[in-house]
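Chemist: this one's sequence-less:
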């Protein structure tokens with residue numbers, strides 16, 4: 001027999017659903033306001049500008065569209081032409097929970113719009129999860145709305161929405177903190193598994209969460225249990241239950257990490273090369289104390305007052321990484337929560353209406369959240385800090401030196417600090433409003449939310465960019481239907497800024513590029529050998545690669561009145577506004593081989609249309625066969641650095657050439673095969689007794705290759 005729900009209970013439930021729906025609408029509206037230019041022009045405009053977003057997510061979406069592929073191992077012919085290049089790397093797995101939803105959206109939307117949708121949903125998801133955590137902790141809708149807004153639309157999230165959207169989707173850190181609190185409050189297999197799932201899911205959103213999520217959960221649980229032990233609240237039964245829960249969480253998280261471990265074990269070299277960064281980055285991309293307490297650089301009111309001061313203290317970083325403003329409302333409310341709960345502890349009066357040892361609005365929870373924030377802030381410090389004038393290794397330096405050098409931007413631990421501090425601020429606001437009359441509480445809450453929203457402002461104006469603003473050469477190239485393959489010069493490779501632009505605007509012109517999207521390309525050495533458009537081998541190699549048009553960018557050679565290009569190339573069109581010229585390679589012979597410069601060569605140095613590069617005491621070349629597997633003749637001009645050098649060229653066990661290289665041009669020519677590396681070594685010439693320890697040994701120019 002059906003039991004009819006009383007009208008009062010039905011009415012309460014309906015009101016609860018309406019309240020939840022209203023909260024969702026509020027965050028949808030707020031997200032729309034912050035992303036309005038992109039959402040209203042979804043197929044053309046993105047937040048930010050050309051960079052990580054356009055050369056990363058949007059470009060990958062376009063590749064998936066063209067190839068009818070998905071976020072799994074795929075080789076694209078549109079990059080590193082004609083060889084092709086993987087657009088999936090082992091590192092891609094650590095962002096699978098971003099890439100798969102974006103790929104799914106891309107099945108129905110355009111490449112640009114699918115990116116914009118994931119950005120929009122990032123703001124909504126972070127806001128709603130923080131709202132949920134704060135409401136669960138405090139029971140206060142006002143405090144939860146405050147927490148959800150200042151967290152979701154923090155300057156850090158707004159900046160990350162322009163490129164690194166894994167850090168916009170920090171809702172997984174909120175869920176990790178929430179799950180850790182649940183485990184502490186109600187230990188058991190279920191809460192343990194829930195925490196393990198949250199930590200494991202974080203592993204597949206961003207590589208930094210591999211460290212951040214376990215640190216956050218661990219710091220919170222350790223501080224909570226230490227508090228309980230200090231208060232004498234841990235009996236044997238609780239200890240056993242908690243231990244089982246934590247072991248369950250660790251087991252689930254470890255099981256979810258297995259795919260990452262297997263990929264790492266099978267691709268150590270690839271991953272190490274991709275993540276190889278100098279230790280100095282730990283200093284550049286760490287936090288400074290003032291960055292936590294000064295409003296964002298793009299604040300419409302404060303920027304004119306303190307922006308120049310902030311610029312002078314950016315320590316070679318950028319505002320995408322250094323917009324670490326916690327918010328004074330968050331800081332002060334968090335402090336108020338700690339002080340109020342400390343007083344309640346000393347007086348013996350409960351700070352909330354809850355009963356039992358493990359209440360949520362309690363000194364223990366406040367201490368746990370504060371400790372977690374403090375640990376996270378400690379991670380943001382430079383690798384060495386000064387303690388009473390004594391240099392002391394900090395966490396970032398210890399991890400980089402003794403655990404793994406994968407992580408270099410420790411300022412990103414701001415996210416974990418903010419994730420812990422905002423719910424603590426919500427507790428503080430709840431305690432402040434606790435004894436106020438309803439009207440007074442509403443006024444205070446409204447003022448606090450208004451102040452919190454004002455101090456984190458990053459707009460107006462909106463920072464947005466449209467593909468309709470692409471440079472004119474790319475719009476012209478898009479209209480050239482008879483062009484299939486393009487070479488963009490300089491032949492830069494990420495992380496060089498030009499390379500990001502090449503990938504960005506490939507979405508506009510849709511031609512194949514001989515340029516690479518990664519510094520791990522096997523053909524990187526071949527491109528090093530054709531860096532100068534006037535070098536003898538370059539036109540013939542470009543013909544062999546199928547290049548129809550060369551775009552030469554941002555160089556004085558592209559301007560009218562400057563020296564004409566080599567005879568093998570003709571200028572098709574000039575684009576003075578972007579200092580670019582389009583060149584067509586004239587008909588002529590294609591190279592049977594190309595000379596690839598592998599190890600031991602410094603970057604090229606331009607000399608009008610030609611180039612030269614310095615070699616260390618040892619260099620390695622390789623012959624890349626195009627239409628012939630037979631031998632070929634390599635020739636170049638060599639000149640020594642300061643003193644004469646003896647150059648010896650070997651392949652296998654054979655000496656191909658040896659002779660003295662003078663500081664003036666010396667011709668070198670030898671026949672080699674494509675079967676193995678060609679090793680060039682130098683030593684001081686007979687007229688010098690100086691040890692050959694210089695970083696520069698000889699320079700080579702006019703690199704050419706011909707029939708063997």
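Modeler: Cool, got the structure. The shown structure was predicted, so the numbers you read here are calculated from the model rather than taken from an experiment.
Chemist: When you work out contacts or count neighbours from here on, use the C-alpha atoms and nothing else.
Modeler: Will do.
Chemist: neighbours around residue 578, how many?
Modeler: For residue 578, the tally of surrounding residues (other Cα atoms under 10 Å) stands at 15.
Chemist: what do you get for the one 3 residues further on?
Modeler: Taking other Cα under 10 Å as the criterion, the count of residues near residue 581 is 22.
Chemist: Helix or strand: which one has it?
Modeler: Assigned by DSSP states H and E, residue 581 falls within strand 580-585.
Chemist: And the next helix or strand past that strand?
Modeler: Read in the C-terminal direction, the helix or strand following strand 580-585 is strand 593-597, with elements assigned using DSSP H and E.
Chemist: Show me what counts as buried in the next helix-or-strand element following that next one.
Modeler: Stepping forward along the backbone from strand 593-597, the first helix or strand reached (DSSP H and E) is strand 605-607. Applying a neighbour-count criterion of 16 or more other Cα atoms under 10 Å, one finds nothing buried in strand 605-607.
Chemist: Return the list of helices and strands in contact with strand 605-607.
Modeler: In terms of contact count using 3 or more Cα pairs under 8 Å, 6 or more residues apart in numbering; DSSP states H and E, strand 605-607 is assigned the packing partners strand 610-615.
Chemist: Who are the packing partners of the strand it packs on?
Modeler: Under the contact rule (3+ Cα pairs under 8 Å, 6+ apart), strand 610-615 is packed against strand 605-607, strand 698-707.
Chemist: tell me the most buried of the ones you listed?
Modeler: A comparison of the helices and strands packed on strand 610-615 by mean neighbour count, using mean count of other Cα atoms under 10 Å, puts strand 698-707 on top with a mean of 21.
Chemist: Report the inter-axis angle for that one versus strand 610-615.
Modeler: What separates the directions of strand 698-707 and strand 610-615 is an angle of 120 degrees, with axes from the mean of the first three to the mean of the last three Cα atoms, to 10 degrees.
Chemist: Could I get the average pLDDT for strand 698-707?
Modeler: Averaging the model's pLDDT scores along strand 698-707 yields 92.
Chemist: which residues touch it?
Modeler: By Cα atoms under 8 Å, 6 or more residues apart in numbering, the list of residues contacting strand 698-707 from outside reads 529, 535-537, 591-595, 610-617, 631-641, 645, 661.
Chemist: likewise stretch 483-501?
Modeler: Contacts of stretch 483-501 (Cα under 8 Å, 6+ apart): 50-52, 54-55, 81, 477, 502, 511-519, 527-528, 531, 546-553.
Chemist: Just those: which are in helices?
Modeler: Per DSSP state H, helices hold the following members of the contacts of stretch 483-501: 52, 477, 502, 527-528.
Chemist: show me what contacts the most centrally placed residue in the chain?
Modeler: Compute the mean C-alpha point of the chain, and by Cα atoms, centre = their mean the closest residue is residue 164, 5.0 Å away. Contacts were defined as Cα under 8 Å, 6+ apart; by that measure residue 164 touches 52-53.
Chemist: Quick check: it vs residue 47, distance?
Modeler: Taking Cα to Cα, to the nearest Å as the measure, residue 164 and residue 47 are separated by 12 Å.
Chemist: now swap in residue 160 and tell me
Modeler: From residue 160 over to residue 47 the distance is 10 Å, taken as Cα to Cα.
Chemist: With neighbour numbers in mind, choose between those two.
Modeler: Neighbours were counted for residue 160 and for residue 47 using other Cα under 10 Å; residue 47 has more, 26 against 22.
Chemist: Hmm, that one is touching residue 38, no?
Modeler: Yes. At 6.1 Å, residue 47 counts as touching residue 38 under the criterion of Cα atoms under 8 Å.
Chemist: Now for those two: what residues contact both?
Modeler: In contact with both residue 47 and residue 38: 116, 464, using Cα under 8 Å, 6+ apart.
Chemist: For stretch 316-334, could you pull out the residues that count as buried?
Modeler: 317, 319-331, 333-334.
Chemist: what does it contact?
Modeler: The contact list for stretch 316-334, computed with Cα under 8 Å, 6+ apart, reads 154-156, 159-160, 284-285, 287, 291-297, 314, 409, 411-412, 414, 418, 421-422, 424-429, 448, 451-452, 455-456.
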